[in-house]
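Novice: Pasting the sequence and the predicted coordinates here, then a few questions.
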Amino acid sequence: MMEGKTVIVTGANSGIGKATAAAMVALRARVILACRDASRAEEAAREIQQQTGADRSLLVVKQLDLASLASVRAFCMDVIKAEPRLDVLVNNAGVYQCPYAKTEDGFEMQFGVNHLGHFLLTHLLLDLLKRSAPSRVVVVSSKLYKHGRIDFEDLSSEQSYDRAAAYGRSKLANLLFARELARRLEGSGVTANALTPGVVRTNLGRHVHIPALAKPLFKLLSWGLFKSPEEGAQTSVYLACSPDVEGTQGQCFANCRPQVLMDTATDEDVAGKLWDISEVMVGITT
């Protein structure tokens, strides 16, 4: 079904991203694993190849650090030069509730990586996606967007930092971005949709402190209650390749079904303003 198609998955060396890449390769897509750590990505590519029995030529590793706009630009130049087509872009990579830190360009890390890095990446690859239409952009958000608020006065959390609130803000930004992108892509043959994967057993929570005594219990509970990365990737894979969602534009899915979002995630004025400010922040001149 995906034979002859090229897919980019950001953060494809572990968790949901790796499971998404493996599922795509199993469907015979050629997958570019866009990862910060090239050696871990190579290791993931080897594991995916063993797991799926796929031809190694279907797995391409490219270095991409979403905390660096220069890295995003270099990655996109490389892709545009090397790739005649791009059928699907899965904006999957993310950092979760990390201690306060700034990206290379001075943005709060979670907002910078989860939103701004992907914003620039998508912008720079849009022409290639349009030339390859029908094509798709898939944005991985989180139900924790509900705890987020877009404060235009303090997008880099310099006045105050709460790691959970900052994560929620970055995931709310993902939904607003997907919505505004979909509006702008109407009639182009490129669709943009978002998803919330649910609670998944990944290393995303490495910055969350769990007392040592509680760790065995937490691990046990997580096996019972949390999704596996493969289960967590199902909606990403569905949005990337299912004929059911061909032409579907600007929706958010969970468990492969459309969701009704809170008003904060569907406010078109805020989505438009966030887009304009994001352009300025990443240095897009139109």
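Specialist: Ah, there it is. This structure is a prediction, so every number in the text was calculated from the model and none was measured.
Novice: so where do the helices sit in the stretch 1-150 of the chain?
Specialist: Counting by DSSP state H, counting those that start in this stretch, the stretch 1-150 of the chain has helices at residues 15-26, 38-52, 69-82, 109-111, 118-131.
Novice: What average pLDDT does the longest one get?
Specialist: Helix 38-52 carries an average pLDDT of 97.
Novice: packing partners for that helix?
Specialist: Packing partners of helix 38-52 (3 or more Cβ pairs under 8 Å, 6 or more residues apart in numbering; DSSP states H and E): helix 15-26, strand 30-35, strand 59-63. Glycine gets a C-beta too; all of them are placed from N, C-alpha and C.
Novice: now do the last one
Specialist: Applying 3+ Cβ pairs under 8 Å, 6+ apart, one finds that helix 118-131 contacts strand 6-10, helix 69-82, strand 88-91, strand 135-140, helix 163-185, strand 190-195, helix 268-282.
Novice: now that helix: mean pLDDT?
Specialist: Mean predicted confidence for helix 118-131 is 98.
Novice: before we move on, back to that, for the helices of the stretch 1-150 of the chain, state which one has the densest average packing.
Specialist: helix 15-26 (a mean of 27; mean count of other Cβ atoms under 10 Å).
Novice: same for it, what does it pack against?
Specialist: Using 3+ Cβ pairs under 8 Å, 6+ apart: helix 15-26 touches strand 6-10, strand 30-35, helix 38-52, strand 88-91, helix 229-241.
Novice: Using JSON lines, lay out these together with distance to residue 265.
Specialist: Formatted as JSON lines, the helices and strands packed on helix 15-26 follow (distance: least, Cβ to Cβ, whole Å):
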{"stretch": "strand 6-10", "distance to residue 265": "21"}
{"stretch": "strand 30-35", "distance to residue 265": "25"}
{"stretch": "helix 38-52", "distance to residue 265": "31"}
{"stretch": "strand 88-91", "distance to residue 265": "16"}
{"stretch": "helix 229-241", "distance to residue 265": "16"}
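Novice: how about the helices of the stretch 1-150 of the chain in CSV, adding distance to residue 142?
Specialist: Shown next, in CSV, are these (distance: least, Cβ to Cβ, whole Å):
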stretch, distance to residue 142
helix 15-26, 11
helix 38-52, 22
helix 69-82, 21
helix 109-111, 11
helix 118-131, 14
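Novice: To residue 144, which of these lies closest?
Specialist: Among the helices of the stretch 1-150 of the chain, the nearest to residue 144 by Cβ to Cβ is helix 109-111 (11.0 Å).
Novice: what sits up against that closest one?
Specialist: With Cβ atoms under 8 Å, 6 or more residues apart in numbering as the test, helix 109-111 has contacts from 67, 94-98, 100-103, 155-157, 163, 166-167, 169-170, 173.
Novice: where in the stretch 51-200 of the chain is pLDDT low?
Specialist: Scanning the stretch 51-200 of the chain for pLDDT under 70 picks out 200.
Novice: re earlier: mind checking which of the helices of the stretch 1-150 of the chain is nearest residue 266?
Specialist: helix 118-131 (18.4 Å).
Novice: Give me the angle between that closest one and strand 30-35.
Specialist: Between helix 118-131 and strand 30-35, the angle comes out at 160 degrees (axes from the mean of the first three to the mean of the last three Cα atoms, to 10 degrees).
Novice: going forward can the numbers begin at 44, since that is how I track them
Specialist: Got it, first residue is 44 now, which makes that one helix 161-174.
Novice: Just want the angle from helix 161-174 to strand 178-183.
Specialist: Using the same axes, to 10 degrees: helix 161-174 against strand 178-183 is 160 degrees.
Novice: quick one: helix 161-174 to helix 112-125, angle?
Specialist: 10 degrees.
Novice: I'd like the distance from helix 161-174 to the chain centre, please.
Specialist: 14 Å (Cα atoms, centre = their mean, to the nearest Å).
Novice: Only C-alpha atoms, please: export it in CSV.
Specialist: Extracted C-alpha coordinates of helix 161-174, given in CSV (Å, rounded to 0.1, in the frame of the first residue of the first chain):
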residue,chain,number,x,y,z
HIS,A,161,8.5,21.2,13.7
PHE,A,162,6.9,24.5,12.5
LEU,A,163,10.0,25.4,10.5
LEU,A,164,10.6,21.8,9.3
THR,A,165,7.1,21.6,7.9
HIS,A,166,7.3,25.1,6.3
LEU,A,167,10.6,24.2,4.5
LEU,A,168,9.3,20.8,3.2
LEU,A,169,5.9,22.1,2.1
ASP,A,170,6.9,22.7,-1.6
LEU,A,171,8.2,19.1,-1.8
LEU,A,172,5.0,17.8,-0.2
LYS,A,173,2.8,19.8,-2.6
ARG,A,174,4.8,18.5,-5.6
